[in-house]
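S.K.: just the structure for this:
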Amino acid sequence: MPADEISTGTTGVSEPIDLTLPARMADGDEKALEECYRLYGSVVRSYLRHFVGEKETDDLLQVVFLELWQSRERIDPSRPLGAWLFGIARKRAIDHLRRRRHDVVAVDSVRELVGEDGAVFVDKLAWSAEIQVALARLSPQQREAISLSYFSGLSQSEISKHLGIPLGTVKARMARGMRQLSVAIIGGEQQ
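M.R.: Reported below is the predicted structural model:
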C-alpha cells in the first residue's frame with residue numbers, strides 16, 4: 001500500500017491521504033480533525049476494542065480524538081499522523097485498564113490497621129469470600145443442599161422434606177458438594 005493511502009477498514013478501499021493533514025492539525029484546522037476522524041476513526045475503534053471491549057470503546061475513542069486535538073501543537077507535520085494517534089490510543093487504553101482494575105488489600109495489612117481484636121473478623125471475612133467463590137462453582141443442587149444445611153440450619157431430613165427429594169439424594173449432593181468445596185478451598189482448583 002503506498003505511503004499516502006490508508007485502508008478504511010470498513011470497505012477495504014484505500015483512500016488517498018492529504019499529506020498536509022498533520023500540518024493542518026498542528027495549525028488548529030477543525031476540518032483536519034474531522035478528516036482525521038473519518039480516515040482513522042474506524043481503525044482506532046477496532047484497535048481500542050481489543051483492549052477494553054465493546055461497551056467502553058466509543059467513550060475511549062472520543063477521549064483519544066479529544067486528546068489528539070488538545071495536543072495538536074506537539075504534532076510533527078513531517079511525521080505520519082496515524083503513529084501519533086495510535087500512540088495516544090494505546091496510552092489511553094492502558095490508563096483506562098489501570099483505573100478499572102480493583103485494588104487488592106493484603107489481609108495482613110488490614111489486620112495491622114484493626115489490631116488484634118479485628119484479626120478474627122478479618123480472617124472470617126477472607127474465609128467467607130473464599131467459601132462464596134467455591135460455592136458458586138458447585139452445581140445448583142449441591143449449593144442449595146449445603147446452603148440449607150449450613151446457612152439455614154436444616155438437618156438432612158428437613159432438607160429432604162423441604163425439597164421433596166429422597167434423603168439419600170440430599171446426602172449424596174451434600175457429600176459431593178463438600179468434597180468439591182474442600183478441594184477448592186484447601187487443596188486447589190478442581191471441577
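S.K.: let me see the ranges of the strands in the chain.
M.R.: With DSSP state E as the criterion, the chain has strands at 5-7, 14-16.
S.K.: just the helices in this protein please.
M.R.: Secondary structure of the chain (DSSP state H): helices located at 21-26, 30-52, 54-70, 81-100, 107-136, 140-150, 156-163, 167-185.
S.K.: one step back: pick out the shakiest of the strands of the chain, pLDDT-wise.
M.R.: Lowest mean pLDDT within these: strand 5-7, at a mean of 40.
S.K.: contacting residues for the residue located most distally from the centre of the chain?
M.R.: Here the centre of the chain is the reference, and by CA atoms, centre = their mean the most remote residue is Ser157, at 43.4 Å. Counting by CB atoms under 8 Å, 6 or more residues apart in numbering, Ser157 touches Leu167. Where C-beta positions appear, they are placed from N, C-alpha and C, glycine not excepted.
S.K.: about what we covered before: mean neighbour count, the helices of the chain: which tops it?
M.R.: Of the helices of the chain, the one with the most neighbours on average (mean count of other CB atoms under 10 Å) is helix 21-26, at a mean of 20.
S.K.: what's next to it, contact-wise?
M.R.: Residues outside helix 21-26 that contact it (CB under 8 Å, 6+ apart) are 18, 31-33, 35-36, 39, 68-69, 72-73, 75-81, 84.
S.K.: next one: stretch 65-80
M.R.: The contact list for stretch 65-80, computed with CB under 8 Å, 6+ apart, reads 3, 20, 22-23, 25-26, 28, 33, 36-37, 41, 44, 81, 84-85, 88, 92.
S.K.: where in the chain is pLDDT low?
M.R.: The model of the chain has pLDDT under 70 over residues 1-18, 100-129, 185-191.
S.K.: again, only this time at 80
M.R.: 1-19, 53, 80, 98-134, 150-151, 184-191 (pLDDT under 80).
S.K.: tell me the domain boundaries of it?
M.R.: Annotated domains of the chain cover 5-100, 107-185 [automatic domain parsing].
S.K.: Gln141 contacts Met174, correct?
M.R.: No - the criterion here is CB atoms under 8 Å, and Gln141 misses it with Met174 at 10.0 Å.
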